[in-house]
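>>> sequence and predicted structure, then a few things I'm wondering about:
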Amino acid sequence: MKTQTVNGAELAYVDAGAGRPVVLVHGFPLDHSMWNAQIEALSEDYRVIAPDLRGFGRSGVSDGTVTMQQFADDLAGLLSALQVDEPVVLCGLSMGGYVAWQFWRQHGRRLRGLILCDTRAVSDTPEAAAARREMVQRVLREGPAPLVAQMMPRLFAPSTAQDQPELVESLRRVMLKTDPRGIAAAARGMAERPEMVSQLNQIECPALVIVGELDAISTAEEMRAIARAIPHARLVEIAGCGHMSPLERPTEVSAAMREFLGGLA
Ligand code: MLT
């Protein structure tokens with residue numbers, strides 16, 4: 001991986017292939033490696049940039065709160081540092097999608113299109129935000145294990161968990177290695193993220209919405225509503241798949257992404 005200092009944080013990132021730029025933004029509390037299959041599939045025809053967000057993977061950690069806007073500003077700063085001046089397709093999963101909304105708000109001129117994977121447009125309810133902050137305290141005291149135990153059963157479809165235990169284990173390892181301060185900062189940022197439902201109808205760029213049929217975190221019903229609200233969105237539902245669609249169904253997700261990318265002007 002390469003590194004680049006952006007907005008005071010050292011960001012690690014993969015930069016593979018050549019062509020029109022595609023940026024892949026991971027979920028919480030993960031790193032760029034969740035996109036390995038897509039990096040391989042897309043870098044045949046595109047320049048694929050897949051960062052570890054600050055506080056995750058090999059990137060530097062910030063204390064306090066890292067807002068979704070800060071992550072979006074980091075991505076814009078990384079693109080500037082890499083001299084990527086042409087518009088990009090930004091693809092985010094779950095928390096990566098929360099970052100993608102803020103990138104659209106603040107850096108919309110840099111967007112050719114959006115890919116929203118298994119994500120949400122609502123903000124946290126007060127109860128959900130309070131639960132996140134409680135979990136932050138536990139993670140800072142005990143490390144990532146309690147968060148991992150809470151999240152793991154909701155990440156994959158039951159059949160994936162049963163048939164691909166090695167996939168589940170490798171994701172667990174990534175989560176357990178994450179710096180508790182990085183987890184805390186991003187969780188605080190998610191707890192205060194703005195709602196985006198009311199702005200979806202203003203998104204003018206083409207969008208691809210991908211959801212696993214059995215996603216327990218960002219449900220298919222919720223994502224269908226997101227796709228209906230964005231004027232130029234196409235929805236792809238992946239049958240029998242959970243929240244981690246790019247990992248659970250790499251071939252289908254990469255094919256949907258390639259089809260979307262190939263159709264862009
Ligand atoms: C994720 O997968 O990024 C998280 O589940 C998002 C969240 O906790 O809201």
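Cool, got the structure. Numbers count the residues shown, from 1 in each chain.

>>> name the residue closest to the centre of this structure, please.
Centroid-nearest residue in the chain, with Cα atoms, centre = their mean: Gly96, separated by 2.3 Å.

>>> how far off centre is the strand or helix carrying Arg181?
Using DSSP states H and E, Arg181 maps to helix 180-191. Averaging C-alpha positions (Cα atoms, centre = their mean, to the nearest Å) puts helix 180-191 14 Å from its chain's average.

>>> got the buried residues for stretch 98-106?
Under the neighbour-count criterion of 16 or more other Cβ atoms under 10 Å, stretch 98-106 has 98-105 buried. C-beta coordinates here come from the backbone N, C-alpha and C atoms, glycine included.

>>> just the mean pLDDT for it, thanks.
Average pLDDT, stretch 98-106: 98.

>>> then stretch 239-257?
On average, stretch 239-257 scores 98.

>>> circling back: three-state assignment of the residue nearest to the centre of the chain?
helix (DSSP: H, G, I helix; E, B strand; the rest coil).

>>> name all residues that make contact with the nearest residue to it once chain neighbours are set aside.
Among residues not flanking Gly96 along the chain, Val25 sits closest, at 3.3 Å (Cβ to Cβ, 6 or more residues apart in numbering). By Cβ atoms under 8 Å, 6 or more residues apart in numbering, the contact list for Val25 reads 51, 53, 71, 75, 90-93, 96-97, 99-100.

>>> redo that, cut-off 10 Å
Counting by Cβ atoms under 10 Å, 6 or more residues apart in numbering, Val25 touches 32, 35, 49-51, 53, 71-72, 75, 90-100, 103, 115, 117, 119.

>>> before we move on, what about Glu213?
157, 219-220, 237-242, 245.

>>> which SS state does Gly77 fall under?
helix.

>>> my guess is it contacts Glu10. True?
No - at 11.9 Å, Gly77 does not count as touching Glu10 under the criterion of Cβ atoms under 10 Å.

>>> near the ligand, which residues of the stretch 151-265 of the chain are found?
190, 217 (Cβ under 6 Å from any ligand atom).

>>> name the residues contacting each of Gly77 and Glu10.
Gln4.

>>> ok, back up a step: which one of the contacts of Glu213 is nearest Ser123?
Set against Ser123, the nearest of the contacts of Glu213 by Cβ to Cβ is Thr219 (16.3 Å).

>>> once you drop chain neighbours, what's closest to the closest one?
Counting by Cβ to Cβ, 6+ apart, the residue nearest Thr219 is Val211, at 7.8 Å.

>>> what about the helix or strand hosting that neighbour, distance to the chain center?
Per DSSP H and E, Val211 falls inside strand 207-212. Strand 207-212 has its C-alpha centroid displaced from the chain centroid by 12 Å (Cα atoms, centre = their mean).

>>> following it, which helix or strand shows up next?
Assigned by DSSP H and E, the successor of strand 207-212 is helix 220-229.

>>> Gly77 and Glu10: which is more packed in?
Per other Cβ atoms under 10 Å, whichever of Gly77 and Glu10 has more neighbours is Gly77, with 18 against 14.

>>> I am finished for the moment; much appreciated.
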